[in-house]
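Student: generate a structure from the sequence data that follows.
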Amino acid sequence: MSESTPTPNEKAAAKSTPSETPDKEKASEVAEKDTAKQLKADMLQLCDDFAQFNEECAFVCDAFASIVREPETLDDPTIAGFSHYSIWLKEQVESFKERIYEAQRSLNR
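Tutor: Have a look, this model is predicted:
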């Protein structure tokens, strides 16, 4: 056979040789474990933040319900407070949405 054509033994050896070296495989495994640890930490933080947000939403809902029962307490500072809270709620929901999407993207990498 010519030098440019591999022998059957050379073909078999090429097939049995792993495409990555053990060092690259180990580095890849370490990177995957680090990514998994980070994702776990991010999800725990997201859950904790959402639990706090849930409590704050419950407070705001109770305040809205209270105002409906006693509309005479609806003064300018109360109106300003509700306006502030409505903006804050929208921002928090948007932040949670982005954090959830980022976690999803991390899982798909």
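Student: can you give me the strands in this protein?
Tutor: Counting by DSSP state E, the chain forms no strands at all.
Student: so where's it uncertain?
Tutor: Where the chain drops to pLDDT under 70, the residues are 1-20.
Student: show me where it has helices.
Tutor: 8-16, 22-69, 76-107 (DSSP state H).
Student: tell me the buried residues in the last one?
Tutor: Think helix 76-107. For helix 76-107, the neighbour count (16 or more other Cβ atoms under 10 Å) marks 85, 92, 99 as buried. Placement of C-beta: from N, CA and C, glycine included.
Student: can you tell me which residues contact the first one?
Tutor: For residue 85, the set of contacting residues under the criterion of Cβ atoms under 8 Å, 6 or more residues apart in numbering consists of residue 60.
Student: got it, and the last one?
Tutor: Contacts here follow Cβ under 8 Å, 6+ apart; on that basis residue 99 touches 42, 46.
Student: what's the spacing between residue 31 and residue 45?
Tutor: 21 Å (Cβ to Cβ, to the nearest Å).
Student: whoops, I mixed them up, residue 23
Tutor: For residue 23, the distance to residue 45 - Cβ to Cβ - is 33 Å.
Student: which one's more surrounded, the two?
Tutor: residue 45 (11 against 8; other Cβ atoms under 10 Å).
Student: still on that earlier bit, distance to residue 62 for the buried residues of helix 76-107 - can I get that in JSON lines?
Tutor: Converted to JSON lines, those look like this (distance: Cβ to Cβ, whole Å):
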{"residue": "85", "distance to residue 62": "12"}
{"residue": "92", "distance to residue 62": "17"}
{"residue": "99", "distance to residue 62": "26"}
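Student: now, which of the residues you listed sits nearest residue 41?
Tutor: Proximity of the buried residues of helix 76-107 to residue 41 (Cβ to Cβ) peaks at residue 99, which lies at 12.6 Å.
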